[in-house]
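In: One predicted model, sequence on top.
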Amino acid sequence: MTGTGASISQDSIVTAQLLHREAATYLEKAVKHHRQAALLHDAGDARQAETHGSIAYNHTAQALEVSGQALNVLPW
């Protein structure tokens, strides 16, 4: 018997396409928070703007991390 006894689910396979989509989702979230931060700055609420700017920064960092992973996925 050559099998391991465990089957691999198609849902558990990480592909470059999946990771690129995940990175895009993070970037879309970042854009939303950057826009909100700009509106809050316009309204004079620097504290809330900073909060949204920080959230946008974190989403961007996550997108870069996932994007880097996508570049390192080997084709089957």
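Out: Noted; the coordinates are in hand. None of these values were measured; they are calculated from a predicted model.

In: pLDDT value on residue 70, please?
Out: Residue 70 is assigned 94 on the pLDDT scale.

In: Could you give the number of residues near it?
Out: 18 (other CB atoms under 10 Å). The way it works is simple: take the backbone N, C-alpha and C, and place the C-beta from them, glycine included.

In: Tell me how far the residue at minimal distance from the centre of the chain lies from residue 47.
Out: Nearest to the mean C-alpha position of the chain, by CA atoms, centre = their mean, lies residue 26 at 3.2 Å. Distance of residue 26 to residue 47, computed by CB to CB, to the nearest Å: 24 Å.

In: and what of residue 25?
Out: 27 Å.

In: okay, and for this protein, where does confidence drop off?
Out: For the chain, the stretches with pLDDT under 70 are 1-11, 76.

In: Sketch out the helices for it, chain order is fine.
Out: Under the criterion DSSP state H, the chain contains helices at 16-42, 46-71.

In: Which elements pack onto the shortest one?
Out: In terms of contacts (3 or more CB pairs under 8 Å, 6 or more residues apart in numbering; DSSP states H and E), helix 46-71 is packed against helix 16-42.

In: ok, and for the helix it packs on, which residues are buried?
Out: 19-20, 22-23, 26-27, 29-30, 33-34, 36-37, 40 (16 or more other CB atoms under 10 Å).

In: Stretch 53-69 now?
Out: So, applying 16+ other CB under 10 Å, buried residues of stretch 53-69: 53, 55-56, 59-60, 62-63, 66-67, 69.

In: of all those, which comes closest to residue 15?
Out: Among the buried residues of stretch 53-69, residue 69 lies closest to residue 15 (CB to CB), at 10.9 Å.
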